[in-house]
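1. Quick one, fold the following:
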Amino acid sequence: MVREVVSAPDPEADRARGLWSAESVARGLAEHYGVWGSGWAWEIDESPDSGAVIRELPAGGDGLEQRVQRYASALLQWRAWLEELAAAFAQFTPRPEADEKEVQAVRERAVAPLVTLVVERTGAGETWRAVCARVLAWYLESTGMTPDAAEDLADDVVDSEFESWVAPDEEAVDRAREAIGEPGT
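-> Below you'll find the model as predicted:
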């Protein structure tokens, strides 16, 4: 499918998708696969220090085949990352009949493993904190928190407890865990 999207004409311009940006290709893939198919476009970085989620891409080039290989690789890596997160989230899903105290406890237990996944994936590079906030927000939302509340809490926790370019130590993760688990969040 990637080849078809990359080589299809742009309905809004007189050029082939092979000349489009990664974001344009992501939109085309999202039209076919669903919204999950677009996230990879903002997670590509060829710098080993960037902290981006997708790093190992085939060599670049202007040819159609090179672009197809790069976009397909990025899409597959993104899908694998989402599946890894889904498996982690599943390990920390509160029971349907759980009371608020139990939900908070489950959320607390999830913080360290999720932060560890993000640090391992990003190398705690330049963008690791943004990835961490997104992952924590997605997780909190999956446990029943509203999207806005999940995003606000995740952003606040990451901003207050973690530093740029630094993998968090155990104390920082413990503080984040406690902040996530506070009643009323």
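2. rest of the way, CA atoms for contacts and neighbours
-> Noted.
3. before we move on, which element is E31 in?
-> Assessed by DSSP states H and E, E31 sits inside helix 22-33.
4. Send over that helix as CSV, restricted to the C-alpha atoms.
-> Below are the C-alpha coordinates for helix 22-33, written out as CSV (Å, rounded to 0.1, in the frame of the first residue of the first chain):
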residue,chain,number,x,y,z
ALA,A,22,6.5,12.8,4.8
GLU,A,23,3.5,14.5,6.4
SER,A,24,1.6,14.4,3.1
VAL,A,25,2.4,10.7,2.7
ALA,A,26,1.3,10.2,6.3
ARG,A,27,-2.0,11.7,5.5
GLY,A,28,-2.4,9.4,2.5
LEU,A,29,-1.5,6.4,4.6
ALA,A,30,-3.9,7.5,7.4
GLU,A,31,-6.7,7.6,4.8
HIS,A,32,-6.1,4.0,4.0
TYR,A,33,-5.0,2.5,7.4
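5. Tell me how far the helix or strand just after it lies from the chain's centre.
-> Per DSSP H and E, helix 22-33 leads on to helix 64-91 as the next helix or strand towards the C-terminus. Averaging C-alpha positions (CA atoms, centre = their mean, to the nearest Å) puts helix 64-91 10 Å from its chain's average.
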